[in-house]
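Peer 1: I'd like to go over a predicted model; first the sequence, then the structure.
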Amino acid sequence: MKILCQIYKSMFFATVLFVLLISCSLETEATGVINEVPVEVVKETEKSKGNLVIYSGRKESLIGPVIDQFKSISGINIEVKYGTSTEIAAQLILEGSKSPADVFYAQDPGSLGSVIDMLQQLSPDLLEKIPAWAKSDKGKWIGISGRARTLVYNTDNVKASDLPKTLNDLCDAKWKGRMGWAPTNSSFQTMITAMRKIWGEDKTKAWVKCMMANDVKVYPKNTPQVEAAGKAEIDIGLVNHYYLYKFILDAGEGDKFKARNLHLESGGPGSLVTVSSIGILSTAKNKDNAHQFIDFMISKLVQNYFVNATREYPLIEDVDIHPLLTPLHEITKANISLSDLADIQGSAKLLQEVGALPK
């Protein structure tokens, strides 16, 4: 196994290092835009090394190039099923021991946690590469990339002195009609799960109700919230940190885009730092290939890909983030274990009960 990993890593270094170094260095002084260079695909000449079935709660447009690269350098035949993380978790529960999946790659740890009994223990050589806060307390999944919950706010309409310090501050009447959220989004529901663990059911329900009473606008996902904040259609949105950089970096708008992130320092659920996460099914038929794929995902080069492709935080050492991002060690993390975020279904039910989601 270790020999195989060394072989594909060596091949990957030889073929992709040049591409990633260029993509990390092409930065303009005016906007700080990093011009992305697509990951090159190496043509496979060796005999197939078997199969791997991946269930992915992350979009094909994001991880498709990474999976194609792994397929090319490993010789493994890969089949991928895409969907939302909650949809994939529900599908796994429905399939049970008959599931063809080898790997579940989710947008959040809650989705992995909801099927924790279906996952096998990961090997020590995978677990030891990821910090304790970013992996399962049972050793059944690890984080691939980090994401922080933030409030995105309009810099023209919200003064520094008016910035909220906690999520409860958003219940103030002064924010009525000025906020947005995406209650169907799995990251939002993961935050609600953190609320339920930290605050309890009653206080969480009260917060959701007060937000609705404050005429919070509903969006289908995070990107349109950030766009709306930049255009002053709303003054505050509840999102993950990296969506802002689609506009100020990737689209090259820089200071012209009138929105920025606020990392709450309260240590409450609004300060949640979570991860995209991955695990191997205990019923997997291709466990060695699954292990090889996960090892690939936490290699330095693939971590660099995520840093540049989505502005998420790397979870291994010696991978630099863009200077505009707040370093992960400077963010106050919510006082909660990510392993306690498994009950996303319970959070969706709570949102339905108070009318934030349709039943």
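Peer 2: Thanks, I have the structure now.
Peer 1: every contact and neighbour count from this point should use C-alpha atoms.
Peer 2: OK.
Peer 1: centroid residue for this protein?
Peer 2: Ser276 (4.1 Å; C-alpha atoms, centre = their mean).
Peer 1: all strands of the chain, in order?
Peer 2: 51-56, 77-82, 103-106, 142-154, 179-181, 217-218, 236-240, 259-262, 273-280 (DSSP state E).
Peer 1: export the ones you listed to JSON lines and append columns for distance to Gly346 and mean pLDDT.
Peer 2: Formatted as JSON lines, the strands of the chain follow (distance: least, C-alpha to C-alpha, whole Å; pLDDT from 0 to 100):
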{"stretch": "strand 51-56", "distance to Gly346": "22", "mean pLDDT": "98"}
{"stretch": "strand 77-82", "distance to Gly346": "23", "mean pLDDT": "98"}
{"stretch": "strand 103-106", "distance to Gly346": "18", "mean pLDDT": "97"}
{"stretch": "strand 142-154", "distance to Gly346": "20", "mean pLDDT": "97"}
{"stretch": "strand 179-181", "distance to Gly346": "19", "mean pLDDT": "98"}
{"stretch": "strand 217-218", "distance to Gly346": "20", "mean pLDDT": "98"}
{"stretch": "strand 236-240", "distance to Gly346": "20", "mean pLDDT": "98"}
{"stretch": "strand 259-262", "distance to Gly346": "28", "mean pLDDT": "97"}
{"stretch": "strand 273-280", "distance to Gly346": "18", "mean pLDDT": "97"}
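Peer 1: wait, which of those is closest to Glu128?
Peer 2: Proximity to Glu128 (C-alpha to C-alpha) singles out strand 142-154 among the strands of the chain, at 9.8 Å.
Peer 1: looking at the strands of the chain, which is nearest to Met118?
Peer 2: strand 273-280 (8.6 Å).
Peer 1: strands paired with that closest one, and their directions?
Peer 2: Take DSSP bridges as the rule and strand 273-280 pairs in its sheet with strand 103-106 (antiparallel), strand 142-154 (antiparallel).
Peer 1: any weak-confidence spans in the chain?
Peer 2: Along the chain, segments meeting pLDDT under 70 span 1-48.
Peer 1: could I get the strands of the chain as TSV with distance to Val302?
Peer 2: Formatted as TSV, the strands of the chain follow (distance: least, C-alpha to C-alpha, whole Å):
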stretch	distance to Val302
strand 51-56	17
strand 77-82	18
strand 103-106	15
strand 142-154	10
strand 179-181	31
strand 217-218	34
strand 236-240	21
strand 259-262	26
strand 273-280	14
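Peer 1: quick one: which of those strands is nearest Ala194?
Peer 2: Closest to Ala194 of the strands of the chain, according to C-alpha to C-alpha: strand 273-280, at 10.4 Å.
Peer 1: contacting residues around the closest one?
Peer 2: Strand 273-280 is contacted by residues 102-109, 112, 119-122, 134, 140-149, 287, 290-291, 294, 333-334, 338 when judged by C-alpha atoms under 8 Å, 6 or more residues apart in numbering.
Peer 1: what's the answer for stretch 123-137, then?
Peer 2: 139, 141-143, 274-275, 294-295, 315-316, 337-339.
Peer 1: and those, which two are the farthest apart?
Peer 2: Longest span within those, C-alpha to C-alpha: Asp295 and Ser337, 23.4 Å.
Peer 1: before we move on, back to that, measure the residue nearest to the centre of the chain to Met195 for me?
Peer 2: The spacing between Ser276 and Met195, counted by C-alpha to C-alpha, to the nearest Å, is 19 Å.
Peer 1: what does Trp133 give?
Peer 2: 18 Å.
Peer 1: of the two, who's got more company?
Peer 2: Met195 (24 against 17; other C-alpha atoms under 10 Å).
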